[in-house]
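Enquirer: here you go, sequence then predicted model.
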Amino acid sequence: MTLKTRLALAAALCLGASLATAQTATPAKPAAKPAAKATKPAKAAKAAPAPAAEPGPASAEQMAAAERVHYGTYDCEFGKTAEVSTLPKYPGYAEVKSGKQSWLMKPVASSTGAIRLEDMKGQFLVIQIANKSMLFDSKSGQRVLDGCVNEKQKESAAAVAAAANK
C-alpha cells in the first residue's frame, strides 16, 4: 500500500468517525414556533473588539532580547517615522508607534542576530538588523515601513562604510 493510499484511508476513517460522533452527540432541535405578528428585524449588534490579552511575564530569553532592542525614534522611507519604547507596566515588552497606530510587541532574538518584535495580536512584525529596521504586516505579507534607522543603526552603517573605504 502506498503512502498516499494510507493517508487517504486514514483521513477517511477520521472523517467518518467524526461525522458519526457529531450525529449522535447533537440532539435534534424542536421546530421554532412561528411569530404571532411581523416585527421589524432587529438591528445587528456591532461586535465589540476583543480586548487585548494581557501579556504574561517575560522569560529570561525575552528579557535578554529586550536589552538588545534599539529604542528611540526611527526615520523611515517616504518621510515616515516610528517610535520604539519600553513599557514600565510590561517589562521585557516594547511599544511601537507610527502615526496613529500603536502595537504591543514581544522581543525575540533570532539565530541570525536580528531582533524580531512580534505583535501580541499576531499581525505585525518588526525586524531590526544592524543597519535598518522594517515593519511588516504578516497577514498581507507587505512592508508597512521600510528603511527605518535610528541613531545606533546610523552609527553602525557609518562604521561599515568607513571600514569599506580603508
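Expert: That came in fine, so what should we check first?

Enquirer: just after the longest strand seen in the chain, pick out the following helix or strand.
Expert: With residue count as the measure and DSSP state E as the assignment, the chain has strand 101-109 as its longest strand. Once strand 101-109 ends, the next helix or strand along the chain (criterion: DSSP states H and E) is strand 115-119.

Enquirer: buried ones in the longest strand of the chain?
Expert: For strand 101-109, burial by neighbour count (16 or more other CB atoms under 10 Å) applies to W103, L104, M105, K106, P107, A109. Quick note: C-beta positions are derived from backbone N, CA and C, even for glycine.

Enquirer: surely the first one meets E118?
Expert: No - at 9.5 Å, W103 does not count as touching E118 under the criterion of CB atoms under 8 Å.

Enquirer: check contacts around the closest residue in space to E77 that isn't next to it in sequence.
Expert: Distance criterion CB to CB, 6 or more residues apart in numbering; nearest residue to E77, sequence neighbours excluded, is G147 at 4.1 Å. By CB atoms under 8 Å, 6 or more residues apart in numbering, the residues touching G147 are C76, E77, K132, M134.

Enquirer: redo that, cut-off 6 Å
Expert: C76, E77, K132 (CB atoms under 6 Å, 6 or more residues apart in numbering).

Enquirer: which among the residues you listed end up buried?
Expert: The neighbour count (16+ other CB under 10 Å) marks C76, K132 as buried among the contacts of G147.

Enquirer: mind putting the contacts of G147 into CSV with secondary structure, pLDDT and distance to K154?
Expert: Shown next, in CSV, are the contacts of G147 (DSSP: H, G, I helix; E, B strand; the rest coil; pLDDT from 0 to 100; distance: CB to CB, whole Å):
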residue, secondary structure, pLDDT, distance to K154
C76, coil, 93, 13
E77, helix, 94, 15
K132, coil, 92, 10
